[in-house]
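A.B. asks: One predicted model, sequence on top.
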Amino acid sequence: MKEVFVTGYAKFPKNITGKEFYNDLGIGLIIDRENGEIKDADCTLVTRTGKKFVLEILRGESLLDIDLLVNKVENNYYGQAQNAIIAALKLACQKYHCILQKDNKTI
């Protein structure tokens, strides 16, 4: 299959709405197995606008360049869940790299 699904989770900061609904922030990504391109994404932010904005930041970018993704989040998403989003992305990236190793791909 050309695409894979990876997830990453991180603790929400205290005293935000998401913490009332979920213990952790989860990010799910559909990734092009060959080049790491994020085809689709979803996360457990509570607001529709927040979810949509995170998707816009991520879609079309590659998990092969986690520094670029972190930079985009840091420079565009100023919600209280910023650090949790970054941590979840880093975990998803680690999972993608494990898939590449399993597939005997070089990165």
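C.D. replies: Perfect, thanks for sending it.

A.B. asks: Just the pLDDT at D103, thanks.
C.D. replies: What the model reports for D103 is a pLDDT of 86.

A.B. asks: typo on my end, it should be K19
C.D. replies: K19 is given a pLDDT of 51.

A.B. asks: Make 396 the first number, not 1, from now on.
C.D. replies: Sure, I'll start counting at 396 from here, so that last one is K414.

A.B. asks: so how far is K467 from the residue nearest in space to the middle of the chain?
C.D. replies: Residue closest to the average C-alpha location in the chain (Cα atoms, centre = their mean): L484, at 3.6 Å. Distance of L484 to K467, given as Cβ to Cβ, to the nearest Å: 10 Å. C-betas here are computed from N, CA, C, even on glycine.

A.B. asks: F448 against Y472, yeah?
C.D. replies: Yes: with contact defined as Cβ atoms under 8 Å, F448 reaches Y472; the gap is 6.6 Å.

A.B. asks: Sketch out the helices for the chain, chain order is fine.
C.D. replies: Assignment of helices within the chain using DSSP state H yields the ranges 412-416, 443-453, 461-471, 477-497.

A.B. asks: Would you enumerate the residues in contact with the closest residue to D460 other than its chain neighbours?
C.D. replies: The shortest distance from D460 to any non-neighbouring residue, by Cβ to Cβ, 6 or more residues apart in numbering, is to G431 (7.9 Å). G431 sits next to 457-460, 491 when contact means Cβ atoms under 8 Å, 6 or more residues apart in numbering.

A.B. asks: Out of those residues, which is nearest to A479?
C.D. replies: The shortest approach to A479 among these belongs to L458, at 17.6 Å (Cβ to Cβ).

A.B. asks: pLDDT score assigned to the closest residue to D498 other than its chain neighbours?
C.D. replies: Excluding the flanking residues, the one nearest D498 by Cβ to Cβ, 6+ apart is R428, at 7.2 Å. R428 is assigned 94 on the pLDDT scale.

A.B. asks: Report the separation between R428 and Q489.
C.D. replies: On the measure of Cβ to Cβ, R428 and Q489 end up 16 Å apart.
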